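Asks: Quick check, what structure comes out for this input:
(one chain, ligands or ions: 1)
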Amino acid sequence: MTDTEIKKGLAGVVVDYTAVSKVNPETNSLLYRGYPVQELAATQSFEAVAYLLWHGELPTDVQLAQLRATERQYRALSPDVRAVIDHVPLDAHPMDEVRTAVSLIGAKDLAGSGSVMDAGGTADENLARSIRLFAALPAIVAYGQRRRRGLEPVESRDDLDYAANFLWLTFGKEADEVVVDAFNRSMILYAEHSFNASTFTARVVTSTLSDLYSAVVAAIGALKGPLHGGANEAVLHIFDEIGTASNVVPWLDTALAEKRKIMGFGHRVYKRGDSRVPTMKAALDTLVEHYDRPEVAELYDTLESEFVSRKGIYPNLDYPSGPAYNLIGFDTLTFTPLFVAARVTGWTAHIMEQASANALIRPLSEYNGPDERHIDGYVPDE
Ligand code: ACO
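Replies: Numbering: from 1, shown residues only. Purely as a prediction, here's the structure:
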């Protein structure tokens, strides 16, 4: 063994520049293209934030209208995408369904595009592909949840913008404005977070000059894990286990004695609290009031204060978004697919950035296996 310093998990390693977002744990801030995410969540639609991530500037009214018109064009799922989703077993995880549907959309879009040498696509082609996925994901996620509930799919409504249409597609009824607003905020907060595991995965795939769809499929795989996107689902499992605020202390005693990780807490970068949490907690509070479910806030607050006081580890975005999605009516297994629908904007912004200034991502490793050895009786050819 040499004395090479191993950066396990690439912790603390800066691998490239990015102009898409800036995470600053010191000031507890997250900027998308320079704008604080809290300001964007309070003032913008998710479509406008998608535009910002892709183009670097917020859209004018005309540009936003154009994006919305294109988004409407690509909302519907073709019968073969629905059919392929129907082939995914009903008891498979919905993330597998989303990954499969995105893969088919990509294969169809790239059909006839020739050799792998052209896979990467031009900047314009990649922007069009990004909008296509952004537009199709709500229908994929909603179709999955309705399928599992034994309900017929619902068609998109051109009079509804992205967030309202997403809720319409899922529940088949128009959502109240306060719910649309909370959901829109969650999409904005989930949209982008620099070189997290799934975004880095997308950049690794792009760096080989593979195509945008392959990069997104790989990113979906990375997001599925409970240490990353899967945590919003895991938070609800924990809430279900605990039941009521009065059970928090004994539940936590046991969980910590068993050295369990408490999902929805902790972050690789933020050590003093996730900058997105206050905005999402405020959105959760409006939902608690709207649905008159004070016991949800009581459980949330009790677990947070107990865990923070014992471990000094703060909630991340998944902690408030899990119960928020539950109150809106999404099935627990649908939470991480919602994260996909939001994060596809950040992923594709990074894919286009990586492609525009590419270097193959290929780190080194320190070998710690057996010394060189040989097959008994092997005689090399003369
Ligand atoms: N519950 C209990 N202990 C924790 C938690 C937690 N949620 N998070 C960290 N710790 C402890 C670890 O056990 C470890 O303790 P030790 O030093 O005694 O062994 C210490 O804090 C450091 O934890 P690591 O996992 O090594 O720190 P890392 O920076 O790699 O972890 C991570 C970040 C993976 C997010 C971790 O905090 C975690 O597993 N959290 C739960 C899963 C989660 O909520 N993920 C969502 C991430 S944010 C997002 O995707 C939106």
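
Asks: Buried residues, the host helix or strand of Glu233. List them.
Replies: Assigned by DSSP states H and E, Glu233 belongs to helix 231-242. By neighbour count, with 16 or more other C-beta atoms under 10 Å as the criterion, the buried positions of helix 231-242 are 231-236, 238-239, 242. For glycine as for every other residue, the C-beta is placed from the backbone atoms N, C-alpha and C.

Asks: give the contact list for the nearest residue to Asp80 once chain neighbours are set aside.
Replies: In space, and not counting its chain neighbours, Asp80 is closest to Leu104: 7.0 Å by C-beta to C-beta, 6 or more residues apart in numbering. Shown in contact with Leu104 (C-beta atoms under 8 Å, 6 or more residues apart in numbering): 80-81, 84.

Asks: Filter the buried residues of helix 231-242 to keep only those in contact with the ligand.
Replies: When contact is defined as C-beta under 6 Å from any ligand atom, the buried residues of helix 231-242 meet the ligand at Ala231.

Asks: Just the closest of the buried residues of helix 231-242 to Phe166, please.
Replies: Using C-beta to C-beta, Asn232 comes nearest to Phe166 of the buried residues of helix 231-242, at 16.0 Å.

Asks: wait, the closest one sits on Pro320?
Replies: No: when contacts are counted by C-beta atoms under 8 Å, Asn232 is not listed as touching Pro320 (9.4 Å).

Asks: Could you measure from the residue of the chain found nearest the ligand over to Pro363?
Replies: Using C-beta to the nearest ligand atom, the single residue of the chain nearest to the ligand is Gly266, 2.1 Å away. Relative to Pro363, Gly266 is positioned 25 Å away (C-beta to C-beta, to the nearest Å).

Asks: So these two - more neighbours on which side?
Replies: Higher neighbour count among Gly266 and Pro363: Gly266, with 19 against 9, using other C-beta atoms under 10 Å.

Asks: What strand or helix carries the residue nearest to that one when sequence neighbours are not counted?
Replies: Excluding its sequence neighbours, the residue lying closest to Gly266 (C-beta to C-beta, 6+ apart) is Ile313, at 4.8 Å. Ile313 belongs to no helix or strand when assigned by DSSP H and E.

Asks: Would you list the phi and psi of Ile313?
Replies: Main-chain torsions, Ile313, degrees, to the nearest 10: phi -110, psi 130.

Asks: Just give the number of residues close to it.
Replies: Ile313 has 15 neighbours, counted by other C-beta under 10 Å.

Asks: With Ser365 instead?
Replies: 7.

Asks: if I've got this straight, it is in a strand?
Replies: No: in this structure, Ser365 is coil, not part of a strand, as judged by DSSP: H, G, I helix; E, B strand; the rest coil.

Asks: where are the low-confidence patches of the chain?
Replies: 1-2 (pLDDT under 70).

Asks: Any residue of stretch 29-40 touching the ligand?
Replies: No: Stretch 29-40 lies out of reach of the ligand by C-beta under 6 Å from any ligand atom, never closer than 11.3 Å.

Asks: contacting residues around that stretch?
Replies: 19-24, 49, 52-53, 56-58, 188-189, 191-193, 275-276, 278-279.

Asks: on that earlier part again, can you spell out which helices and strands pack onto the helix holding Glu233?
Replies: Applying 3 or more C-beta pairs under 8 Å, 6 or more residues apart in numbering; DSSP states H and E, one finds that helix 231-242 contacts helix 248-257, helix 294-311, helix 318-328, helix 335-356.

Asks: any chance you could map the helices in the stretch 51-200 of the chain?
Replies: Along the stretch 51-200 of the chain, counting by DSSP state H, counting those that start in this stretch, helices occupy 61-73, 79-87, 94-110, 123-148, 162-171, 177-190, 197-207.

Asks: Distance to the ligand added to the ones you listed, as a markdown table?
Replies: Below are the helices of the stretch 51-200 of the chain laid out as a markdown table (distance: least, C-beta to the nearest ligand atom, whole Å):
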| stretch | distance to the ligand |
| --- | --- |
| helix 61-73 | 25 |
| helix 79-87 | 25 |
| helix 94-110 | 14 |
| helix 123-148 | 17 |
| helix 162-171 | 19 |
| helix 177-190 | 7 |
| helix 197-207 | 8 |
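
Asks: do you know which of these lies nearest Glu295?
Replies: Of the helices of the stretch 51-200 of the chain, nearest to Glu295 by C-beta to C-beta is helix 177-190, at 18.3 Å.

Asks: Let me know the angle separating that closest one from helix 335-356.
Replies: Interaxial angle, helix 177-190 versus helix 335-356 (axes from the mean of the first three to the mean of the last three C-alpha atoms, to 10 degrees): 40 degrees.

Asks: roughly how far out does helix 177-190 sit from the chain middle?
Replies: Here the centre of helix 177-190 is set off from its chain's centre by 14 Å, with C-alpha atoms, centre = their mean, to the nearest Å.

Asks: Which strands or helices does it pack on?
Replies: Secondary-structure packing of helix 177-190 (3+ C-beta pairs under 8 Å, 6+ apart): helix 37-43, helix 46-55, helix 162-171, helix 277-291, helix 318-328, helix 335-356.

Asks: could those helices go into JSON lines alongside mean neighbour count?
Replies: Formatted as JSON lines, the helices and strands packed on helix 177-190 follow (neighbours: other C-beta atoms under 10 Å):
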{"stretch": "helix 37-43", "mean neighbour count": "18"}
{"stretch": "helix 46-55", "mean neighbour count": "23"}
{"stretch": "helix 162-171", "mean neighbour count": "23"}
{"stretch": "helix 277-291", "mean neighbour count": "19"}
{"stretch": "helix 318-328", "mean neighbour count": "25"}
{"stretch": "helix 335-356", "mean neighbour count": "25"}
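
Asks: May I see these arranged in TSV, with distance to Arg373 as well?
Replies: Converted to TSV, the helices and strands packed on helix 177-190 look like this (distance: least, C-beta to C-beta, whole Å):
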stretch	distance to Arg373
helix 37-43	54
helix 46-55	51
helix 162-171	58
helix 277-291	53
helix 318-328	47
helix 335-356	40
